[in-house]
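K.L.:
quick check, what structure comes out for this input:
(one chain, ligands or ions: 1)
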Amino acid sequence: MSQYTRTHKDSGRLYSKGIRYFPDGNTRSAAHFPPFAPYMTHGKGCYVYDEDNKRYLDFLNNYGSLILGHCHPKVVTEMSRQLTRGTVFGAPTANQIRLAGLICKRMPSIEKIRFTNSGTEAAMYAVRLARAFTKREKIIKIIDGYHGTYDDVIYNGEKRVTPHGLTGETAKNVILVPYNSAELVEKIISRHKKQIACLIVEPMLGAGGMIPAQSDYLQRLRELTSANNIILIFDEVLTFRLALGGAQELFGIRPDLTILGKMIGGGFPIGAVGGRSDIMQLLSEEKKGVFHSGTFNGNEASMVCGYITLKELTKKNIQRLNALGDTLRRQLFEIMGRYLRGIKITGAGSFCQIHFNVDSSFKRKQTHFFERLTPLFHIMLLNKGVFLSKRCAFFLSIPMTERHINYAVQKVADVLEELKYITRKADIKLK
Ligand SMILES: Cc1ncc(COP(=O)(O)O)c(C=O)c1O
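P.N.:
Below is the predicted model:
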């Protein structure tokens, strides 16, 4: 921590200014960590640079939204051209149809689509559509599933809801179930089936630990929801990148609704909700059903850069990136397992996360030192020029090659050696 503070003096100065205006000196809760996050100045390819002129290999990629990395030449060219033509018109455009067409082609379950400004909004509309369609109010949500910050999906079983700004009504309507357990869903559905509007699930638990779905779990959810007229919502905000048609293609499952976001905006704000035509038609202004609007919906920056990004994301590129992810997970497991017990490396395709000292159900068994291993590891990697999420999650990007993976693994090895030294001095057994 002291090394970090010493080498991030300019970021520290900006932090002191920032806390005058922002809680935590930051305008995003997830991006804050003690003592302060590095204040970034620019990015290029798979690198980002901070105010102290420090360069980092960027494994955060704005939490997975920059799959082409920073300033991809095609994105820069097309965006610059678009800036001379206008950014948003409060009217439909051909660029909206072009991006919608590409998404619907890749994800055939999306018969109709609407753009939003974030994944949060997309989740909100998906749940609202499901309620309007089924005329039911309850939803099933996964414990630690993350679908943005809208009330119904951010609720995670908190005992007292008002300190979080939520209502008792939300807690009453959201039924929480653990991931990868279809048995409990079956029980709940048999008890409440006439009240449940939808089940929302990520094909890989993202912010909840990058934990992939077990092979028959999603299939079972599809059967249970279909049999009881419950709308199945897949949150593919992250997992769309796993295959041309997203995780639903890999699992061979057709959800009723899908929400998308992040990379489909090519680095600009976006979200999308799409799926069965009969459900999506409830958004038609002519039907006076669910009202959907947004000043920046379908803005040209997101439409143009999103399209270029998806076009660059060819099958070949996806396969290469997924293989790099396999290499990263394998190498991390090998090296970390040598030093630490209870290490788990999770993820799929180009996602990866390190878990310290957890048991097989991902329950933390840490005490003292081990409780602090995640933030410690994170800051030690920052000191070594590797930028990743504070949960120690990695999101790979297209400009990365084997060389970058090897570099990151080498830095992890260096951190482990330092940890060994520190813990030996403090008489803590690492393994
Ligand atoms: C799986 C998933 N769904 C939804 C969201 C919310 O998207 P946004 O941050 O654009 O609101 C996120 C954001 O991290 C996410 O990972």
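K.L.:
residues contacting the residue in the stretch 201-350 of the chain positioned nearest to the ligand?
P.N.:
Per CB to the nearest ligand atom, Val237 is where the stretch 201-350 of the chain lies closest to the ligand, at 3.5 Å. The way it works is simple: take the backbone N, C-alpha and C, and place the C-beta from them, glycine included. Each residue near Val237 by CB atoms under 8 Å, 6 or more residues apart in numbering is listed here: Gly119, Ala122, His147, Glu202, Gly206, Ile259, Leu260, Gly261, Lys262, Gly271.
K.L.:
the residue in the chain that the ligand sits nearest to: neighbouring residues, count only.
P.N.:
Closest contact between the chain and the ligand, by CB to the nearest ligand atom, is at Gly119 (2.3 Å). Number of residues near Gly119 (other CB atoms under 10 Å) recorded here: 30.
K.L.:
repeat for Leu184
P.N.:
13.
K.L.:
low pLDDT regions in this protein?
P.N.:
Of all residues in the chain, those with pLDDT under 70 make up the ranges 358-371, 426, 428.
K.L.:
if we go to 90?
P.N.:
1, 193, 215, 285-289, 339-343, 356-373, 419-431 (pLDDT under 90).
K.L.:
spell out which parts of it neighbour the ligand.
P.N.:
63, 118-120, 123, 146-148, 202, 206-207, 235, 237-238, 261, 271 (CB under 6 Å from any ligand atom).
K.L.:
ramachandran angles for the residue of the stretch 201-350 of the chain closest to the ligand?
P.N.:
Dihedral pair for Val237: phi -60, psi -40, per degrees, to the nearest 10.
K.L.:
quick check, His42 in a helix?
P.N.:
No - counting by DSSP: H, G, I helix; E, B strand; the rest coil, His42 is located in no helix; its state is strand.
K.L.:
may I ask which helix or strand encompasses the residue lying closest to it once chain neighbours are set aside?
P.N.:
Once flanking residues are discounted, His42 sits nearest to Tyr49: 5.4 Å by CB to CB, 6 or more residues apart in numbering. Secondary structure assignment for Tyr49, by DSSP states H and E: strand 47-50.
K.L.:
for the stretch 1-150 of the chain, which segments count as strands?
P.N.:
40-44, 47-50, 55-58, 112-116, 138-142 (DSSP state E, counting those that start in this stretch).
K.L.:
cool, the stretch 301-431 of the chain as well?
P.N.:
Going by DSSP E, counting those that start in this stretch, the stretch 301-431 of the chain shows strands at 344-346, 351-355, 386-387, 393-395.
K.L.:
so which of the ones you listed gets nearest Gly157?
P.N.:
Closest to Gly157 of these, according to CB to CB: strand 351-355, at 20.6 Å.
K.L.:
direction included, what does the closest one pair against?
P.N.:
Paired neighbours of strand 351-355 in the sheet (DSSP bridges): strand 344-346 (antiparallel), strand 393-395 (antiparallel).
K.L.:
okay, the ones you listed in TSV with mean neighbour count next?
P.N.:
Compiled in TSV, the strands paired with strand 351-355 are given as follows (neighbours: other CB atoms under 10 Å):
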stretch	mean neighbour count
strand 344-346	19
strand 393-395	26
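K.L.:
distance to Gly157 added to these, as a markdown table?
P.N.:
Below are the strands paired with strand 351-355 laid out as a markdown table (distance: least, CB to CB, whole Å):
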| stretch | distance to Gly157 |
| --- | --- |
| strand 344-346 | 22 |
| strand 393-395 | 22 |
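K.L.:
what's the closest of those strands to Ile279?
P.N.:
Nearest to Ile279, of the strands paired with strand 351-355 and by CB to CB, is strand 393-395 at 30.5 Å.
K.L.:
stretch 253-265: how far from the chain's middle?
P.N.:
12 Å (CA atoms, centre = their mean, to the nearest Å).
K.L.:
list the buried residues of it.
P.N.:
253-265 (16 or more other CB atoms under 10 Å).
K.L.:
how about stretch 331-338?
P.N.:
Gln331, Leu332, Ile335, Met336.
K.L.:
what does stretch 118-133 give?
P.N.:
For stretch 118-133, by 16+ other CB under 10 Å, it's 118-131, 133.
K.L.:
pull the contacting residues for Cys198.
P.N.:
Contacts of Cys198 by CB under 8 Å, 6+ apart are 126-127, 130-131, 134, 139-140, 225, 230-233, 257.
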